[in-house]
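J.: Turn this into a model:
(one chain, ligands or ions: 1)
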Amino acid sequence: MKKRLFLTATAVAVAALGATSAMAQADTFKIGLIVPLTGQQASTGKQIEAATKLYMAQNGASVAGKKIELIIKDDGGIPDASKRIAQELVVNDKVNVLAGFGLTPIALAVAPIATQSKTPQIIMAAATSIITEASPYIIRTSFTIPQSAVAMADWAPKNGIKKVVTLVSDYGPGIDAEKFFKDRLLFNGGQVIESLRVPLRGPDFAPFLQKVRDIKPDALFVFVPSGAGAAVMKQFLERGMDKAGIKLIGTGDLTDDDQLNDMGDGALNVVTSHHYSAAHPSALNKKFVDAFEKANKGLRPNFMAVGGYDGMRVIYEALRATKGAGGGDALLAAMKGQIFESPRGPMFIDAQTRDVVHNMYLRKVEKKDGKLYNVEFDVIKDMKDPGKTR
Ligand code: PHB
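T.: Okay, the predicted model is just below:
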């Protein structure tokens, strides 16, 4: 009898413990953030990590009665690592949302896990057009390379640039940049006379730039991923290509706010197209930049930070709209169609494509208060991804 009583009590205690941890589980909303904090893409991870933490500091760590837990993992920019980490986050940590994704191959490697587990996958960095089609659970808050490339191909021929050589990183976004820039330039009466591709890992730009110097086009159009722009700029200037009359243009990844101020005055007047500049003149952006710099020892936020910050907004509001319910399908539905003001300007998640619709700005590098900035001088409003055929 005594033994039976003891057993029953133990069973009750164990059940109570189970209930408590289940309750703790149910009271917590987990975001698994997978970013490169080491390796070639480390600046992307650092920017996104800082931005997601800032969003939480500004907006509180609980939403609709749930405590938000941000689980940050470093994938080193290696797709196999990201895939393994995503699996662990879904199976062991039971995350409600996966977020981050510093490179296109990483976003694509994780997509099947999002689909199988019905977990929303928020793309905060990667930018190849096709990504959103890899899983119906993908939502993108970064940008698409065709948006940037087309904006530049519209601006260039109206500004005396007719013959262009393209130089891109040889993988998804680079190939998008090359194709969309070339086709649109041709449509606008210009011409790409040579297309060059450099390896993503450990690129040496020197032989490619020498070739461009020999060809002597009106301009060199460049796409390299965030973090690689300063090396291109340095070698372009060292070869005196600007003095030889070759203009440097590109998507805004080239004059990345993370590195721009260290590029030197040689970067002055370089024109790029992009969705975000730290110099974007809005009250909201000024507040964002000031708070970000204050929280990160003066680090200037770049477009990766904004992708992370807006991604958190999309997650928070989806959780609020579903009253803390947290299921993958309900969250996804509440993410589609969100419309809000971002530090980049107005922004919209297209419910059909799950991709970002936002302004594309033409910007020129200028000096303001002794520092280099991408100063916006023109805008193409509410641009959808030109890569979507639907
Ligand atoms: C990408 O891999 O999709 C990517 C990475 C960095 C960028 C843009 C695109 O700056």
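
J.: Need the residue closest to the centroid of the chain.
T.: Closest residue to the average C-alpha location of the chain: Ala125 at 2.0 Å, with Cα atoms, centre = their mean.

J.: ok, Asn188 - contacts?
T.: By Cβ atoms under 8 Å, 6 or more residues apart in numbering, the residues touching Asn188 are 153-154, 156-158. C-beta: built from backbone N, CA, C; applies to glycine.

J.: hmm, back to that, backbone dihedrals for the closest residue to the residue nearest to the centre of the chain other than its chain neighbours, both of them.
T.: Counting by Cβ to Cβ, 6 or more residues apart in numbering, Gly102 is the residue found nearest to Ala125 once chain neighbours are left out, at 4.8 Å. Note on Gly102: its backbone torsions stand at phi -80, psi -20 [degrees, to the nearest 10].

J.: Would you check that Gly102 makes contact with Ser43?
T.: No. Using Cβ atoms under 8 Å, Gly102 is not in contact with Ser43; the gap is 9.5 Å.

J.: I'd like to know how far the residue nearest to Ala125 sits from the ligand.
T.: 6 Å (Cβ to the nearest ligand atom, to the nearest Å).

J.: who's in contact with the closest residue to Ile123 other than its chain neighbours?
T.: Sequence neighbours aside, Arg140 is the residue nearest to Ile123 in space, at 4.3 Å (criterion: Cβ to Cβ, 6+ apart). By Cβ under 8 Å, 6+ apart, the contact list for Arg140 reads 122-123, 131-132, 349, 354-356.

J.: State the pair within these that is farthest apart.
T.: Across those, no pair lies farther apart than Ile131 and Ile349, at 14.0 Å, counting by Cβ to Cβ.

J.: So for those two, which sits in the more crowded spot?
T.: Ile131 (27 against 21; other Cβ atoms under 10 Å).

J.: Checking my notes, the more buried one in a helix, right?
T.: Yes. Under DSSP: H, G, I helix; E, B strand; the rest coil, Ile131 falls within a helix.

J.: Show the model's pLDDT score for it.
T.: On pLDDT, Ile131 comes in at 98.

J.: from what I can see Val375 touches Lys364, true?
T.: Yes. With contacts counted by Cβ under 8 Å, Val375 reaches Lys364, the gap being 5.7 Å.

J.: residues in the stretch 1-150 of the chain within reach of the ligand, list them.
T.: 103-104, 125-128 (Cβ under 6 Å from any ligand atom).

J.: Dump those to a markdown table, plus distance to Glu341.
T.: Shown next, in a markdown table, are these (distance: Cβ to Cβ, whole Å):
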| residue | distance to Glu341 |
| --- | --- |
| Leu103 | 28 |
| Thr104 | 28 |
| Ala125 | 21 |
| Ala126 | 23 |
| Ala127 | 21 |
| Thr128 | 26 |
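
J.: Show me the shaky parts of the stretch 251-390 of the chain.
T.: Low-confidence segments of the stretch 251-390 of the chain (pLDDT under 70): 389-390.

J.: show me where it has helices.
T.: 283-295, 303-321, 328-335 (DSSP state H, counting those that start in this stretch).

J.: can you count the residues close to Lys162?
T.: Residues lying near Lys162 (other Cβ under 10 Å) number 16.

J.: Excluding residues flanking it in the chain, which one is nearest it?
T.: Nearest residue to Lys162, sequence neighbours excluded (Cβ to Cβ, 6+ apart): Gly190, at 4.6 Å.

J.: Identify the residues contacting the one you found.
T.: By Cβ under 8 Å, 6+ apart, Gly190 lies in contact with 153, 156-157, 161-164.

J.: Would you mind listing which of the residues you listed are buried?
T.: 153, 156-157, 161-164 (16 or more other Cβ atoms under 10 Å).

J.: Farthest-apart pair in the residues you listed, please.
T.: Greatest spatial distance in the buried ones among the contacts of Gly190: Ala153 and Lys163, 13.1 Å, computed using Cβ to Cβ.

J.: Name all residues that make contact with the residue of the stretch 251-390 of the chain found nearest the ligand.
T.: With Cβ to the nearest ligand atom as the measure, Asp253 is the residue of the stretch 251-390 of the chain nearest to the ligand, at 3.8 Å. For Asp253, the contact set (Cβ under 8 Å, 6+ apart) comprises 148, 223-226, 228-229, 274, 303.

J.: Tell me the most packed of those, by neighbour count.
T.: Neighbour counts for the contacts of Asp253 peak at Ser148, which has 30 neighbours (criterion: other Cβ under 10 Å).

J.: tally of neighbours for the residue nearest to Lys367 when sequence neighbours are not counted?
T.: Ranked by Cβ to Cβ, 6+ apart and with sequence neighbours excluded, the top spatial neighbour of Lys367 is Leu268, at 6.8 Å. Leu268 has 13 neighbours, counted by other Cβ under 10 Å.

J.: One more: Asn92?
T.: The local packing of Asn92 (other Cβ under 10 Å) involves 8 other residues.

J.: Need the pLDDT of it.
T.: Turning to Asn92, the model gives it a pLDDT of 98.

J.: Check the gap between it and Gly32 for me.
T.: According to Cβ to Cβ, to the nearest Å, Asn92 and Gly32 sit 10 Å apart.

J.: now do Pro386
T.: For Pro386, the distance to Gly32 equals 31 Å [Cβ to Cβ].

J.: of those two, who's got more company?
T.: Legend: neighbour count by other Cβ under 10 Å for Pro386 and Gly32, higher for Gly32 (25 against 19).
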